[in-house]
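Peer 1: Just a sequence and a predicted model for now, questions to come.
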Amino acid sequence: MSKTLPRSKTPSGAAYLERGEGDETLVLIHGVGMRIEAWQPQIDRLANDFRVVAVDLPGHGFSDALSGAPELSRYVEWFRRFLEEAETGPVNVAGHSMGALIAGGIVATAPEKVRRVALLNGVHRRGADARRAVEARAKEIGSGAFDRVAPLARWFSQDEAQTEAYALVRDLLQAVDPAGYAAAYAAFAGGDAIYADCWPRVECPALFLTGDGDLNSTAAMARDMAAAARRGRAVVIEGHRHMVNLTAPEEVNRALAAWLATR
């Protein structure tokens, strides 16, 4: 696994990294089973122009776990509290996968805290078959008897199996705390429709980015959300799947930089 990045911790137990300076802050939220290190290419590039803050999800990396029911709304409330404790002021929020659901939740419930919002590989109103599959996976993970690296076959193509990105994600999945993983995945499985109606009310610039090979966070989902948002833009990167920020970092960084320049 890549070198562990240095972190600070809020009073309520959220572990985060802060790097760079700038007039605006960009906050990065990773997906289920990952941690701050999954944003390394974005941190390295965007910290040149922005104050970049990346946070470990509850029960992931060095963040304390949440107590109580594993519901998406509780992760959104956790993130709202994190922003207050980190004293960020209004921020640009970019989330990947589960982090995208949290990003959508915070702009829906606390829009005054968000300058711009970006959903990378975000899910939106899954179909019946996709819902059954993700619910089955959540149940399997919750049982404690699950294949930690099973997502790799969905997230990467066979050609990417020897890449540094693949090795990093494999190592992160193998290292994640199983209880934190199970709780976040349960919230992820049931969270795709909770804030889905928010986009016509969202005033800020909204980016929806995915890979054309992502069969779960599909290009159609990204385009539907962008069409619903008042200032939405969809970006679909060809030849990539779910971990597009790691497998196509230059393209993703360009899209994020263009989004961050939107007024």
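Peer 2: Sure, I can see it. Here the structure is a predicted model, which is why all the values come from computation and not from measurement.

Peer 1: Pull the residues that contact stretch 196-207.
Peer 2: The contact list for stretch 196-207, computed with Cβ atoms under 8 Å, 6 or more residues apart in numbering, reads 94, 104, 107-108, 111, 114-119, 124-125, 225-226, 228-233, 235, 255-256, 259, 262. Heads up, the C-betas are built off the backbone N, CA and C, glycines and all.

Peer 1: And for stretch 134-145?
Peer 2: Taking Cβ under 8 Å, 6+ apart as the rule, stretch 134-145 contacts 126, 146, 178, 181-182, 185-186, 188-190, 216.

Peer 1: ok, 10 Å please
Peer 2: For stretch 134-145, the surrounding residues in contact (Cβ atoms under 10 Å, 6 or more residues apart in numbering) are 32-33, 70, 123, 126, 146-148, 150-151, 178-179, 181-190, 192, 216.

Peer 1: What's the end-to-end length of stretch 100-120?
Peer 2: Start and end residues of stretch 100-120 are separated by 6 Å (Cα to Cα, to the nearest Å).

Peer 1: May I see the buried residues of that stretch?
Peer 2: For stretch 100-120, the buried set under the neighbour-count rule, 16 or more other Cβ atoms under 10 Å, comprises 100-108, 113-120.

Peer 1: Phi and psi next, for the residue nearest in space to the middle of the chain.
Peer 2: Closest to where the C-alpha atoms of the chain average out (Cα atoms, centre = their mean) is His96, at 2.2 Å. Dihedral pair for His96: phi -110, psi 130, per degrees, to the nearest 10.

Peer 1: got a list of what it touches?
Peer 2: Contacts of His96 (Cβ under 10 Å, 6+ apart): 28-32, 34, 38-39, 42, 102-103, 118-122, 209, 217, 242-246, 252.
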